[in-house]
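K.L.:
got a predicted model here, sequence first, then my questions.
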Amino acid sequence: MSASYRATYQASIDDPEAFWLAAAAAIDWITQPTRALDDSAAPLYRWYPDAELNTCFNALDRHVRDGRADQPALIYDSAMTGTTRSYSYAELLNHVARFAGALAAQGVGRGDRVIVYLPMIPEAAIAMLACARLGAVHSVVFGGFSAKELAARIVDAEPVLVVTATGGLEPGRTVEYLPIVADALASAGVELPVIVKRRKEIPVEHDWLDWDELEADAEPADPVPVAATDPLYILYTSGTTGKPKGVVRDNGGHAVAMAWSMQYIYDVGPGQVMWAASDVGWVVGHSYIVYAPLLVGATTVVYEGKPVGTPDAGAFWRVIQDHRVRVLFTAPTAIRAIRKADPDAAALARYDISSLQTLFVAGERLDPATFEWARQVLDRPVVDHWWQTETGWAICANPRGLEPLPIKPGSPSVPVPGYRLQVLAGDGSPVPAGTEGAIVLGLPLPPGTLTGLWRAGDRYLASYLSAYPGNYLTGDDGYLDDDGYLYVLGRSDDVINVAGHRLSSGAMEAAIAGHPAVAECAVIGIPDELKGDRPSGYVVLKEGADVTEAQLREELIIRVRHDIGAVAAFRDVTVVAALPKTRSGKILRKTMRQIVAGQDYPVPSTIEDPAVLDALADRLRPDRPRPPE
């Protein structure tokens, strides 16, 4: 490891108070913090308890003030409509201030919650920043989520207003949002004002408030001072009980962490272009589409499209070329989709991606085969990094703004400064290097991480802080190597117990994904009378792959036996057309296990394409019980 990383990391651990007070200098404060950490209510901690700021002012106004008024702040690129629009910092500020004025005219004020239910259009970022300008708390719900899921968030957050659009665009279809919103409000039993952005591609008539009319008539709103500890947003993540968990992010710690991460993790600064190919409905969209790039005066890209099919596997390379993207951040599933459609990266030759410095990936395990493919075809560093909705930014990464460390395939590298990461045995004792255990983070967590769950303090303590007192439980298993690099083996429930041996599904997937015919794969544990569980592999082939299923099965058995050992007892291989995934790219392994076991299974609200799940279920169990409505 480099001395620069070691020194920076150690400083953050030895004296977090001094470290994060120094980092706070990157933010414009209304009331400067005199101390970093409030530990009076441990294990619940607060950052910058005596400070005040406005996040929107830091993202927009100060850059206009400091000479960046004409610099591009946000570039909207829609592969669905074929349109591109660039907003300067001055233009974006004007839209945000006016829409904040429109919200204020509807009675929205400091501390009020606003539901944002929008597709990937500039108005999504504008609505979020307008809420932050007023000190209101936004809760973004992925555009197209079902009425049931939207209603659950309305009931929990108790918003005063909903912001939506007439619909979203998907390849080959449109999704009308207004019937979903109407059903959700009816189900929640509330009547709320609804502001609608009318899209000309989806010209639906309605009786709700019109975005463009309200913004045109509004008086621009000034930024409202808020406490650093006041909530900036609520972002719901799925819960094991079926009730979504509202992760709460504060204003002050979030702003400091976002600015710090842009400089030291991503190596992106003022005037440079960062593209997070995600959605504002996910934490990546909150952190690295909307807030972090703007907080440091960079340019962000809002992309409405897919990595393939809009129009082809060169879509990402075209965006990089057209907008001179310095850093691309996407999910491994997007890279796998491109690799599947264009194994030889022929489309890449059509574009000039010389601006690209680094590819960052997160959100799903980056298997070594996908890593190696991306590294070879891009000839750039490919940096896996690991984080969660709850943390809001990277737990482990290879920090490109410090002296870069060696990259190890299969590892998201080392703990980011501020995170006291350990791997523990069941009794809470640290395990030796190379030994698998539960990945935990010592308290206090650094700034920018969750402050708790919305109106569910007991649930926060029970879910995250009770298993290993003094530590936050990540829910992932893994191990540290002798160099301090972390290897995340997967969620604790993704470990397969074969005849008493705890085996990582991720390790088996890595072995399978290395086969030249395999585009992507998933391994799950299915019940076995003799061994308890046995691993079963599900494989999607690359376009044009020439291999029989029997031949593939034999070759994959050999690969797993070579990499894992005969103890894995791997012999089940099924070729499928596609794997069921969430919209953020996570494979729905739990649902796959339920299908194979013949159990009833609910269709997860986060699923990307329910038809994929149905096709898989028909393939695996033609006589299956149908999912409940």
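P.N.:
Cool, the structure landed.

K.L.:
after whichever strand or helix holds Val155, next one along is what?
P.N.:
Val155 belongs to helix 147-157 when assigned by DSSP states H and E. Along the chain past helix 147-157, the next helix or strand (assigned with DSSP H and E) turns out to be strand 161-165.

K.L.:
now the helix holding Val155, how far from the chain's geometric center?
P.N.:
20 Å (Cα atoms, centre = their mean, to the nearest Å).

K.L.:
in that helix, what's buried?
P.N.:
Buried positions in helix 147-157, judged by neighbour count with 16 or more other Cβ atoms under 10 Å: 147, 149-154, 156-157. Heads up, the C-betas are built off the backbone N, CA and C, glycines and all.

K.L.:
then stretch 178-186?
P.N.:
For stretch 178-186, a neighbour-count test (16+ other Cβ under 10 Å) marks 178, 180-181, 184-185 as buried.

K.L.:
again with stretch 211-230
P.N.:
For stretch 211-230, using 16+ other Cβ under 10 Å, the buried residues are 211, 214-215, 218, 221, 223-224, 226-230.

K.L.:
and which of the residues you listed is nearest to Ala569?
P.N.:
Thr229 (52.0 Å; Cβ to Cβ).

K.L.:
next one: the closest one from Asp477, what distance?
P.N.:
33 Å (Cβ to Cβ, to the nearest Å).

K.L.:
check Ser139 too.
P.N.:
Where Asp477 is concerned, Ser139 sits at a distance of 31 Å (Cβ to Cβ).

K.L.:
what's the answer for Leu465, then?
P.N.:
Taking Cβ to Cβ, one finds Leu465 at 18 Å from Asp477.

K.L.:
can you check Thr310 too?
P.N.:
Thr310 is 36 Å from Asp477, by Cβ to Cβ.

K.L.:
with neighbour numbers in mind, choose between these two.
P.N.:
Here Thr310 and Asp477 are set side by side on neighbour count (other Cβ atoms under 10 Å), and the busier one is Asp477, at 22 against 18.

K.L.:
show me the beta-bridge partners of that one.
P.N.:
Taking DSSP bridges as the rule, Asp477 bridges to Ala438, Gly490.

K.L.:
thought it was touching Leu489?
P.N.:
Yes. Taking Cβ atoms under 8 Å as the definition, Asp477 is a contact partner of Leu489 at 4.9 Å.

K.L.:
tell me the confidence at Ala597?
P.N.:
For Ala597, the model assigns a pLDDT of 78.

K.L.:
the buried residues of stretch 178-186 in helices, which ones?
P.N.:
Here DSSP state H is the test, and the buried residues of stretch 178-186 give 178, 180-181, 184-185 as lying in helices.

K.L.:
and these, which is closest to Val247?
P.N.:
For those, the nearest to Val247 is Ala184 (20.4 Å; Cβ to Cβ).

K.L.:
contacting residues around the closest one?
P.N.:
147-148, 150-151, 154 (Cβ atoms under 8 Å, 6 or more residues apart in numbering).

K.L.:
which among those residues gets closest to Gly285?
P.N.:
Nearest member of the contacts of Ala184 to Gly285, counting by Cβ to Cβ, is Leu150, at 17.2 Å.

K.L.:
tell me how far the closest residue to that closest one other than its chain neighbours lies from Ala456.
P.N.:
The shortest distance from Leu150 to any non-neighbouring residue, by Cβ to Cβ, 6 or more residues apart in numbering, is to Ala184 (3.8 Å). Ala184 is 21 Å from Ala456, where distance means Cβ to Cβ.

K.L.:
now swap in Arg559 and tell me
P.N.:
For Arg559, the distance to Ala456 - Cβ to Cβ - is 44 Å.

K.L.:
ditto for Ala24
P.N.:
From Ala24 to Ala456 the distance is 29 Å (Cβ to Cβ).

K.L.:
between the two, tell me which one has more neighbours.
P.N.:
Ala24 (24 against 17).

K.L.:
report the secondary structure state of the more buried one.
P.N.:
helix (DSSP: H, G, I helix; E, B strand; the rest coil).

K.L.:
you'd agree Thr8 is in a strand?
P.N.:
No. Thr8 is assigned helix when assessed by three-state DSSP, not a strand.

K.L.:
ok, now which ones touch it?
P.N.:
Counting by Cβ under 8 Å, 6+ apart, Thr8 has contacts 264, 399, 402, 417.

K.L.:
excluding covalently adjacent residues, which one is nearest to the first one?
P.N.:
Once its chain neighbours are removed from consideration, Tyr264 has its nearest residue in Gly401; the separation is 3.9 Å (Cβ to Cβ, 6+ apart).

K.L.:
that's a helix at that neighbour, yeah?
P.N.:
No. Using three-state DSSP, the assignment for Gly401 is coil, not a helix.

K.L.:
which residues outside the helix or strand encompassing Tyr233 are in contact with it?
P.N.:
In the assignment (DSSP H and E), Tyr233 maps to strand 231-237. Under the criterion Cβ under 8 Å, 6+ apart, residues 55, 111, 113, 128, 131-132, 137-141, 153, 156-157, 244-251, 254, 283, 286, 389-390, 451, 454 lie in contact with strand 231-237.

K.L.:
next SSE downstream of the longest helix along the chain?
P.N.:
Assignment by DSSP H gives helix 89-105 as the longest helix of the chain. Following helix 89-105 in sequence order, the next helix or strand is strand 113-117 (DSSP H and E).

K.L.:
how distant is that next one from the center of its chain?
P.N.:
19 Å.

K.L.:
and it, what does it pack onto?
P.N.:
helix 122-134, strand 137-140, helix 147-157, strand 161-165 (3 or more Cβ pairs under 8 Å, 6 or more residues apart in numbering; DSSP states H and E).

K.L.:
where among the ones you listed is average confidence lowest?
P.N.:
Looking at the helices and strands packed on strand 113-117, the weakest mean confidence is helix 147-157, a mean of 92.

K.L.:
got the angle between that helix and strand 113-117?
P.N.:
160 degrees (axes from the mean of the first three to the mean of the last three Cα atoms, to 10 degrees).

K.L.:
show me what helix 147-157 is packed up against.
P.N.:
In terms of contact count using 3+ Cβ pairs under 8 Å, 6+ apart, helix 147-157 is assigned the packing partners strand 113-117, strand 137-140, helix 178-188, strand 231-237, strand 245-250.

K.L.:
select, out of these, the one closest to Ala615.
P.N.:
Comparing those by Cβ to Cβ, helix 178-188 comes nearest, at 24.3 Å.

K.L.:
after the closest one, which helix or strand is next?
P.N.:
Next element after helix 178-188 (DSSP H and E): strand 194-197.

K.L.:
that next one: partners in the sheet, and parallel or antiparallel?
P.N.:
When pairing is defined by DSSP bridges, strand 194-197 lines up against strand 161-165 (parallel), strand 209-210 (parallel).
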